[in-house]
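Asker: Generate coordinates for the sequence data below:
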Amino acid sequence: MPTLSIEQLIALFILTGAAWPLVNVCVSRPFWRTFPHLGRKAIALVLAYIIFVTVIALFFRQALVPLALAAAGVLLYLGWRARPGHGQRKNLPPGSLALLPLGPWFDEQFFHKQADRYGSIFKASYFFQPMVCIVGLPVGLELLHRHDEVLGTPPLPFSRFIPGGYLRYMDPGVHRSYKRIFRGIFSPEVVRDSKIFMERDIADGLQRMEEACVNHCSGKGLQPKPYINRMLFSVWVRLFTGISPDSKDAEQLQRCLQIIDMRNPMRVSDTAINLALDEITEILHRQMNAFTQREMQQSRIPSCFLAALCDSCTESKHDATVLRNFIYLMHVTWSDVAGLLLWILKMLSDYPEWLSKVRASAENDKLSECIVMETLRLEQSEHLYRRALQDIHFNGFLIPKNWIVRICIRESHQNPDAFSEPTRFNPDRFLDKTYRETEYLPFGAARLACLGQFLTKTTGKIFVEVLARRYNIQITDDGPREFGSWRHWRPSTKYRVNLARI
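Answerer: Alright, predicted model coming up:
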């Protein structure tokens, strides 16, 4: 077989190098941890590309140079497009549109650095898609309020399993009517009526953690995340459905929620997800029928969101859009609030003096809420995403149609003009001051503001108070924070703690 000429060897080198952006993704451990299904697709694409180039080199070598010229042209274009000044004549914001950058996902200071370099409005890449980023709540809120009708919400994959879509992804008119229904269901009164069992379930969950530390950890500490997830599921299954967490229905519900979990989209088929959703719906109908029977017998109905749904109107009880949204709201909020509780535990283990302050405070209810709010300021509340439905001209810049818009909440919460020593964990800053939404925005904004604010704060407060009243925390192992599968930063998977009774 004749050897390759110098020109063909150079062409082969260029064609091989053209795969670098995908190879860079394939060798990134954080990317695999966060996006395993995308990692598998990237590996498949790289292998297919290697086979393609090998076949060309072996059997169609005369095509190597033309293909390399085409690849070089594409690479030059991508390099030109990645220039921070690209699109300046069209009034695009500054910033690089580099292909498949890892910085937005795995450098926690990425958006800070970009804002420091380019200003509060800049562009970056969201995987392959261009994205306009905004750091600064006044500017972000101005965009949301001024252009709400042409800013859609990019849907997560599970939305396709809900007739009409997930609540926050609905068209504005439809969203208003369904949001009204869910505002009535997720009422603060239900949460207040449920505080006794919420405190009991959280106390039981922390006791299980303590017992595991004593009996199984040999002083090495335990990974708290699975215990927090289990503890919060007990709270959530009662609060949402009125079902006892020790019942067979609760066991079936938890199994089905694992099947529909959007973080594992490659593990199950759409058919399996729909079957699991039908099982959950059947459980909900069975529970609602039980509520009706109790009402006819004048027996006490448990205070829960499902009972509130029964009371709202007959049509809502049988509306597939309502019921499947109810299921996914239970699932998504369970994961989100569990993530918040993990961060609260991390903050209180990093700064144990605040546990002592809660114990000593005559107003520990207020201080515990401040700890929740400060944790939300620093962690868990990270971004709002929108998609431009048409070209938007805003503050001298063009946001082209179909571009992603990211409002950087976490970075905006570290504005030194609003928060002194912005990176310091200091819950006292919330004791005597109420921050405006242009300074502090942990629960979304405008039409899509979160319905679960009271529930989130109440759950966090109870967690802090029970923890402070009964336990000391000791960190036994830790590591740098990681970007998790729900696209939130989270404590390291190496994070281990010991809980000990006071």
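
Asker: Skipping adjacent residues, who's closest to Phe182 in space?
Answerer: In this structure, Phe182 finds its nearest non-sequential neighbour in Leu451, 5.7 Å apart by C-beta to C-beta, 6 or more residues apart in numbering. In this view, the C-beta of every residue, glycine as well, is placed from N, C-alpha and C.

Asker: I'd say the one you found and Gly184 touch.
Answerer: No. Taking contacts as C-beta atoms under 8 Å, Leu451 lies outside contact range of Gly184: 10.0 Å.

Asker: Which of these two has more residues huddled nearby?
Answerer: Neighbour count, other C-beta atoms under 10 Å: between Leu451 and Gly184, Leu451 has more, with 19 against 15.

Asker: Let me see the contact set for the more buried one.
Answerer: Taking C-beta atoms under 8 Å, 6 or more residues apart in numbering, we find Leu451 in contact with 179, 182-183, 186.

Asker: measure it to Gly205 for me?
Answerer: As for Leu451, its distance to Gly205 is 25 Å (criterion: C-beta to C-beta, to the nearest Å).

Asker: Distance from the chain centre to the strand or helix carrying Glu210, please.
Answerer: Using DSSP states H and E, Glu210 sits in helix 195-216. Put simply, helix 195-216 sits 26 Å off its chain's centre (C-alpha atoms, centre = their mean, to the nearest Å).

Asker: So for that helix, what gets flagged as buried?
Answerer: Buried residues in helix 195-216, defined by neighbour count with 16 or more other C-beta atoms under 10 Å: 197-198, 201-203, 205-207, 209-210, 212-213.

Asker: Check stretch 183-196 too.
Answerer: Within stretch 183-196, the residues that count as buried by 16+ other C-beta under 10 Å are 185-187, 190-191, 194.

Asker: And stretch 393-405, by the same measure?
Answerer: Buried residues in stretch 393-405, counting neighbours by 16+ other C-beta under 10 Å, are found at 394, 397-399, 403-405.

Asker: Could you point out which of the buried residues of helix 195-216 is nearest to Pro491?
Answerer: The shortest approach to Pro491 among the buried residues of helix 195-216 belongs to Met209, at 15.1 Å (C-beta to C-beta).

Asker: Against Arg470, how distant is that closest one?
Answerer: Met209 sits 11 Å away from Arg470, going by C-beta to C-beta.

Asker: cool, Trp489 as well?
Answerer: From Trp489 to Arg470 the distance is 28 Å (C-beta to C-beta).

Asker: Next: Phe106.
Answerer: 37 Å.

Asker: Show me the shaky parts of the stretch 201-350 of the chain.
Answerer: Along the stretch 201-350 of the chain, segments meeting pLDDT under 70 span 264-266, 299, 313-314.

Asker: State the helix or strand in which the nearest residue to Leu78 once chain neighbours are set aside lies.
Answerer: In this structure, Leu78 finds its nearest non-sequential neighbour in Leu99, 5.5 Å apart by C-beta to C-beta, 6+ apart. Using DSSP H and E, Leu99 sits in no helix or strand.

Asker: Go ahead and confirm Leu99 touches Pro21.
Answerer: Yes. With contact defined as C-beta under 8 Å, Leu99 reaches Pro21; the gap is 4.9 Å.

Asker: hmm, back to that, just the buried residues of helix 195-216 now: which is nearest Cys256?
Answerer: Relative to Cys256, the closest of these is Asp201; by C-beta to C-beta it sits at 20.4 Å.

Asker: My read is that the closest one contacts Arg238, right?
Answerer: Yes. The criterion here is C-beta under 8 Å, and Asp201 meets it with Arg238 at 7.1 Å.

Asker: In the sheet, which residues pair with Thr405? Tell me.
Answerer: For the record, residue 405 is Val, not Thr. As for beta bridges, Val405 partners with Val132, Arg386 under DSSP bridges.

Asker: Output the lowest mean pLDDT helix or strand found in this protein.
Answerer: Least confident helix or strand, the chain: helix 314-317 with a mean of 71, by mean pLDDT, DSSP states H and E.

Asker: Buried ones in that helix, by neighbour count?
Answerer: By neighbour count with 16+ other C-beta under 10 Å, helix 314-317 contains the buried residues 316-317.

Asker: could you check the angle helix 195-216 makes with the helix or strand immediately after that helix in the chain?
Answerer: Heading C-terminal from helix 314-317, the first helix or strand you meet, by DSSP H and E, is helix 320-350. Here helix 320-350 runs at an angle of 50 degrees relative to helix 195-216 (axes from the mean of the first three to the mean of the last three C-alpha atoms, to 10 degrees).
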